[in-house]
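# Make a model of this:
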Amino acid sequence: MDLEGVLQDIRPVAGHVIPIKTVQEARPAEEFGPALDSKFPRDPSQPLSHLRRFAKYPQLSDSIRTAFAQGEPSPHTIFVLISPPLPEKQAIQELLAPFAPAPQPPSQSSTDHTDASTPVPQSAPTPQIHIHTTIIPIQPPLNPSQAEKWTKNLWPVVYNPAAPRATIAPPPQILNRVHESIKPKTGRYLALARKVAAEAEQSGLGRGVGAVVVDPELEDQIVDMYGDGDEFDTHWTDAIVAVAGDARYSRREAGAMSEAEIQLGPGPNPNAKVYNSDMEGGPELHALMRAAELIACKRRGEVPSAEMMVRPLEGHFLAQSETKKVSEEKDEGESTVSAPPEKYQRTDEGGRAVPVSKQDEPVPRIRSRSQGGYLCTDLDVYLTHEPCVCCSMGMLLSRFRAVVFPRQGRMVTGGLASTPVAGPVADGEDEGVELEGQPERMYYGLHWRKELNWRALGFEFIEDEPVEPAAYDEVDYHA
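Residues are numbered from 1 along each chain as shown. The predicted model follows:
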């Protein structure tokens with residue numbers, strides 16, 4: 001099998017990349033907005049510092065103003081925002097009544113000789129507290145225009161550029177920088193991931209799921225050295241540090257043969273036609289976790305065991321990882337590429353960070369632990385399918401920089417997306433179209449979930465040409 005020829009024949013998939021919506025962005029505000037809706041209690045710890053606590057009538061939105069049938073109130077009237085959870089309406093009125101000015105008593109007639117200073121508690125008018133419910137934004141605005149829109153339509157808000165926006169979605173500067181970095185090359189890596197997936201499927205060892213791990217630092221070196229023209233077309237695979245396909249049918253249980261070994265001859269495994277949890281192996285045999293394990297083996301200076309069932313494409317890039325980095329392929333006198341920032345490793349000598357200079361020894365594509373390599377830090381992974389919950393958490397702990405998968409590969413069992421599986425469309429909007437007859441539900445949405453220390457940027461690839469909705473007609477399984 002001429003692997004070099006296979007790689008050169010790969011043609012990029014045409015399409016464009018969009019960021020994955022986080023669960024905070026995808027969750028509809030109506031679920032939290034009505035102030036007295038007891039079915040959706042607000043989190044008492046939710047910070048609402050972006051909302052004005054007090055407001056005057058001219059500052060209110062049109063929707064709140066229309067609630068006053070008697071027209072504009074007194075200029076001295078102050079509107080107070082009381083955020084949920086709320087007590088009973090009567091309790092609020094009793095609480096605020098002492099702070100409200102008492103209504104003016106009716107004027108005395110000329111024939112009334114009653115002493116006006118005499119208190120008449122029974123007939124004294126009670127201050128009237130009007131309570132209205134409204135919808136408020138629970139997250140701070142992301143820009144001044146959004147703050148202005150929310151103030152006009154909901155409740156007066158304040159835009160603070162220093163607010164911790166990263167709890168809602170990735171910071172725009174980082175997101176845009178990574179998006180621009182991966183956009184030109186995503187089609188190539190996804191095309192290779194499909195080749196790896198096909199190899200995994202035809203081997204009978206797993207389902208048709210593939211992963212390609214890329215070092216963006218090597219990408220930059222290739223572009224600096226060869227440009228992004230025809231020369232790059234020849235060297236684009238030099239930035240790949242590992243590929244891996246699914247191998248869920250390769251596990252041996254209690255010394256018995258694996259499902260792949262039971263099958264006679266090459267070709268897709270018959271178990272792939274259905275979903276049987278007893279035949280699916282574990283998440284460590286999924287493509288993403290196998291790619292992380294291959295990289296971990298190189299970090300530790302080990303050789304992958306025979307149980308890993310390394311296939312030709314996987315072995316090819318595993319061997320390539322031993323070669324020097326792109327910037328070292330030129331002679332020292334001819335090199336025009338600046339050295340990458342020094343990597344640091346922790347030592348036992350008082351926790352002192354020791355720089356590892358590439359002048360000491362040639363640095364391979366996958367640095368060992370002694371050379372500063374650590375997990376999958378700052379690497380990008382391209383997948384044919386949305387990873388399952390276990391793999392998504394493994395990706396989080398492995399410290400990848402970015403993850404990209406095609407919208408066609410969105411899975412109902414996937415762990416990243418926050419919106420329902422959508423039919424592939426040639427635009428950037430995800431309407432969250434559910435399959436007909438299926439109940440609408442929220443998906444796991446681990447991507448940038450504020451409860452997690454999430455840092456991997458998630459992207460979806462939308463193909464330009466119409467594609468078959470493979471996520472619909474396949475058996476639901478965990479990728």
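# going forward, measure contacts between C-alpha atoms and count neighbours the same way
Will do.
# List the residue ranges of the stretch 101-250 of the chain that fall below the pLDDT cut-off.
101-127, 162-167 (pLDDT under 70).
# could you pull out the helices for it?
Taking DSSP state H, counting those that start in this stretch, the helices of the stretch 101-250 of the chain run over residues 144-153, 172-182, 186-203, 216-226, 230-235.
# I'd like those as CSV, with distance to Thr384 and mean neighbour count appended.
Below are the helices of the stretch 101-250 of the chain laid out as CSV (distance: least, C-alpha to C-alpha, whole Å; neighbours: other C-alpha atoms under 10 Å):
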stretch, distance to Thr384, mean neighbour count
helix 144-153, 35, 16
helix 172-182, 16, 13
helix 186-203, 6, 23
helix 216-226, 19, 18
helix 230-235, 22, 14
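# Among these, which comes closest to Pro406?
Nearest of the helices of the stretch 101-250 of the chain to Pro406, taken as C-alpha to C-alpha: helix 186-203 at 8.0 Å.
# With distance to Ile92 added, can I get the helices of the stretch 101-250 of the chain in a markdown table?
Formatted as a markdown table, those follow (distance: least, C-alpha to C-alpha, whole Å):
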| stretch | distance to Ile92 |
| --- | --- |
| helix 144-153 | 25 |
| helix 172-182 | 41 |
| helix 186-203 | 57 |
| helix 216-226 | 57 |
| helix 230-235 | 69 |
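# wait, which of the ones you listed is closest to Leu416?
Leu416 lies closest to helix 172-182 among the helices of the stretch 101-250 of the chain, at 16.3 Å (C-alpha to C-alpha).
# What helices and strands are in contact with that closest one?
Applying 3 or more C-alpha pairs under 8 Å, 6 or more residues apart in numbering; DSSP states H and E, we find helix 172-182 packed against strand 15-19.
# Partner strands of the strand it packs on, with direction?
Applying DSSP bridges, strand 15-19 is found paired with strand 457-463 (antiparallel).
# Outside of the partner strand itself, list whatever touches it.
Here strand 457-463 makes contact (C-alpha atoms under 8 Å, 6 or more residues apart in numbering) with 13-20, 170, 175, 186, 401-408, 416, 424-428, 447-448.
# Of these, grab the buried ones for PyMOL.
Buried residues among these (16 or more other C-alpha atoms under 10 Å), as a PyMOL selection:
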select buried, resi 13+15+16+17+18+19+20+170+175+186+401+402+403+404+405+406+407+408+416+424+425+447+448
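# closest to Thr133 out of the helices of the stretch 101-250 of the chain?
In terms of C-alpha to C-alpha, the element of the helices of the stretch 101-250 of the chain nearest to Thr133 is helix 144-153, at 13.7 Å.
# picking up where we left off before, with respect to His286, which of the helices of the stretch 101-250 of the chain lies nearest?
Taking these one by one with C-alpha to C-alpha, helix 186-203 is closest: 10.7 Å.
# Which residues does the closest one contact?
By C-alpha under 8 Å, 6+ apart, the list of residues contacting helix 186-203 reads 7, 10-15, 17, 206-212, 243-247, 266-269, 311, 313, 382-384, 404-406, 461.
# tilt between that helix and strand 15-19?
If you take axes from the mean of the first three to the mean of the last three C-alpha atoms, to 10 degrees, helix 186-203 sits at 100 degrees to strand 15-19.
# Just the angle for helix 186-203 relative to helix 172-182, thanks.
For helix 186-203 against helix 172-182, the angle by the same axes, to 10 degrees is 70 degrees.
# How about exporting helix 186-203 as PDB, limited to the C-alpha atoms?
What follows is helix 186-203, C-alpha atoms only, in PDB (Å, rounded to 0.1, in the frame of the first residue of the first chain):
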ATOM      1  CA  THR A 186      -9.700  22.200   7.900                       C
ATOM      2  CA  GLY A 187     -10.900  20.700   4.700                       C
ATOM      3  CA  ARG A 188      -7.600  18.800   4.200                       C
ATOM      4  CA  TYR A 189      -7.500  17.400   7.700                       C
ATOM      5  CA  LEU A 190     -11.100  16.300   7.700                       C
ATOM      6  CA  ALA A 191     -10.600  14.600   4.300                       C
ATOM      7  CA  LEU A 192      -7.700  12.700   5.900                       C
ATOM      8  CA  ALA A 193      -9.800  11.900   9.000                       C
ATOM      9  CA  ARG A 194     -12.300  10.200   6.700                       C
ATOM     10  CA  LYS A 195      -9.500   8.100   5.100                       C
ATOM     11  CA  VAL A 196      -8.500   7.000   8.600                       C
ATOM     12  CA  ALA A 197     -12.100   6.300   9.500                       C
ATOM     13  CA  ALA A 198     -12.500   4.200   6.300                       C
ATOM     14  CA  GLU A 199      -9.400   2.300   7.200                       C
ATOM     15  CA  ALA A 200     -10.700   1.600  10.700                       C
ATOM     16  CA  GLU A 201     -14.100   0.400   9.300                       C
ATOM     17  CA  GLN A 202     -12.600  -1.800   6.600                       C
ATOM     18  CA  SER A 203     -10.200  -3.500   9.100                       C
END
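# so Asp246 makes contact with Ala291?
No - here Asp246 does not reach Ala291: they are 9.6 Å apart, not a contact under C-alpha atoms under 8 Å.
# Pick out whichever of these two has more residues nearby.
Taking neighbours as other C-alpha atoms under 10 Å, Asp246 and Ala291 compare with Asp246 leading, 30 against 26.
# For Ala197, see how far away the more buried one is.
Distance, Asp246 to Ala197, using C-alpha to C-alpha, to the nearest Å: 7 Å.
# list the residues that contact both of the two?
207-210.
# give the contact list for Thr413.
When contacts are counted by C-alpha under 8 Å, 6+ apart, Thr413 touches 388-389, 476-479.
# Which member of the residues you listed is positioned nearest Gly281?
Looking across those and measuring by C-alpha to C-alpha, the closest to Gly281 is His478, at 10.6 Å.
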